[in-house]
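Colleague: A predicted structure for the sequence below; I have some questions about it.
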Amino acid sequence: MSLDRRKFITVSAASLSGALLAACDANPKSAGRLLALAEARNETVERGLFRHAAVDRVPGSAKLAGKDFPKYFISDTVPTWNPAARGVWRLEVSGAVRTPLSLTLDDLIKLPRITQKVDHFCVEGWNARAVWSGVRVSDLARLAGATNDAHYVDFTSFDSDYHESWDMASAMHAQTLVAYGMDGTLLGPAHGAPARVHSPVKLGYKNTKYLTKVIFMPAKNGGYWSDLGYEWYGGT
């Protein structure tokens, strides 16, 4: 019997979960060590499965989720950028770069645009399809001059300071975008306006919405859900 990549990861995670539950009952301290070991091994497996050339191919005739595309955020209400209170929205690209950037939405729109119909995979097991338009994170890295010690990228949000950090290889994937458009229109507040990260190579919770900062770093620094026990790598 063959397993596709996502099923393999799911089955592996289920097996590890059983072991962790048993360890928790027997010795909580041992469970913590086992959890750290399991996550490290999971990341090693997922990094091994990741391929720069692999892309999410969605048939042109595939139905889009449209208004049924799920909405999620951390704040008590839908986060909305208020220029009167915050000034003009800008995307700050900083950290391990030679030329830090401060880009308005108009600046982003003027950069080379990628439009792609791809899947959005959720850790809960569902997926939805949409057409995303935006700028490749790899293009922003080149524009900012990411340095050789940039091994991770943190994506930070104005949604209660939500953030998630990624491995550099996944961030540089050709389908990883800073997206400002969805299904032919600019993003609305429910889906992360003015801009968000989107890529089919990561689970949904890694795709930071309401984006304000892209920070290139020598080391990973966790994330909102990662710090609460979700897997850090979050690959699909």
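Modeller: Cool, got the structure. Note that the coordinates shown come from a computational prediction; the quantities given were computed from them, not determined experimentally. Numbering: from 1, shown residues only.

Colleague: how is this structure carved up into domains?
Modeller: Domain segmentation of the chain under automatic domain parsing yields 5-49, 66-79+86-228.

Colleague: where among these is average confidence lowest?
Modeller: Of all those, domain 5-49 carries the lowest average pLDDT, namely a mean of 51.

Colleague: returning to that earlier point: deepest of the domains of the chain, which one?
Modeller: Comparing the domains of the chain by mean neighbour count (mean count of other Cβ atoms under 10 Å), domain 66-79+86-228 ranks first with a mean of 18. To be clear about C-beta, it is placed using only N, CA and C from the backbone, and glycine gets the same treatment.

Colleague: just put the domains of the chain in TSV and tack on distance to P59.
Modeller: Below are the domains of the chain laid out as TSV (distance: least, Cβ to Cβ, whole Å):
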stretch	distance to P59
domain 5-49	18
domain 66-79+86-228	9
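
Colleague: helices or strands up against the strand ranked longest in the chain?
Modeller: Under DSSP state E, the strand in the chain containing the largest number of residues is strand 127-136. Helices and strands touching strand 127-136, by 3 or more Cβ pairs under 8 Å, 6 or more residues apart in numbering; DSSP states H and E, are strand 114-121, strand 177-182.

Colleague: is V214 in a bridge, and if so with what?
Modeller: Beta-bridge pairing of V214 under DSSP bridges involves V93, F155.

Colleague: same question for R136.
Modeller: L177.

Colleague: S226 versus that one, what's the distance?
Modeller: Per Cβ to Cβ, to the nearest Å, R136 is found 24 Å from S226.

Colleague: for K63, same thing?
Modeller: 32 Å.

Colleague: do H163 as well
Modeller: Distance, H163 to S226, by Cβ to Cβ: 9 Å.

Colleague: follow-up on the earlier one: closest one to I215 among the helices and strands packed on strand 127-136?
Modeller: Judged by Cβ to Cβ, the one of those that comes nearest to I215 is strand 177-182, at 13.0 Å.

Colleague: now the strands for the protein?
Modeller: 91-95, 101-103, 114-121, 127-136, 152-157, 163-167, 177-182, 185-186, 196-198, 211-217.

Colleague: can I get these in CSV including distance to V55?
Modeller: Listed next are the strands of the chain as CSV, based on distance: least, Cβ to Cβ, whole Å:
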stretch, distance to V55
strand 91-95, 24
strand 101-103, 26
strand 114-121, 8
strand 127-136, 13
strand 152-157, 20
strand 163-167, 17
strand 177-182, 13
strand 185-186, 24
strand 196-198, 14
strand 211-217, 22
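
Colleague: so which of those strands comes closest to A146?
Modeller: Nearest to A146 among those is strand 211-217; the distance by Cβ to Cβ comes to 5.0 Å.

Colleague: need the residues that contact the closest one.
Modeller: If you take Cβ atoms under 8 Å, 6 or more residues apart in numbering as the criterion, strand 211-217 is touched by 89-97, 137, 140-141, 144, 146-147, 150-158, 163, 165, 168, 178, 192, 195-197.

Colleague: C-alpha coordinates for stretch 141-151, CSV please?
Modeller: Backbone C-alpha positions of stretch 141-151 (Å, rounded to 0.1, in the frame of the first residue of the first chain) are rendered in CSV as follows:
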residue,chain,number,x,y,z
ALA,A,141,14.6,38.5,-0.5
ARG,A,142,16.5,39.4,-3.7
LEU,A,143,15.3,43.0,-3.6
ALA,A,144,16.4,43.4,0.0
GLY,A,145,19.6,41.5,-0.5
ALA,A,146,19.1,38.7,2.1
THR,A,147,22.5,37.7,3.5
ASN,A,148,24.1,34.3,3.7
ASP,A,149,23.2,34.0,7.4
ALA,A,150,19.5,34.3,6.6
HIS,A,151,18.3,30.8,7.4
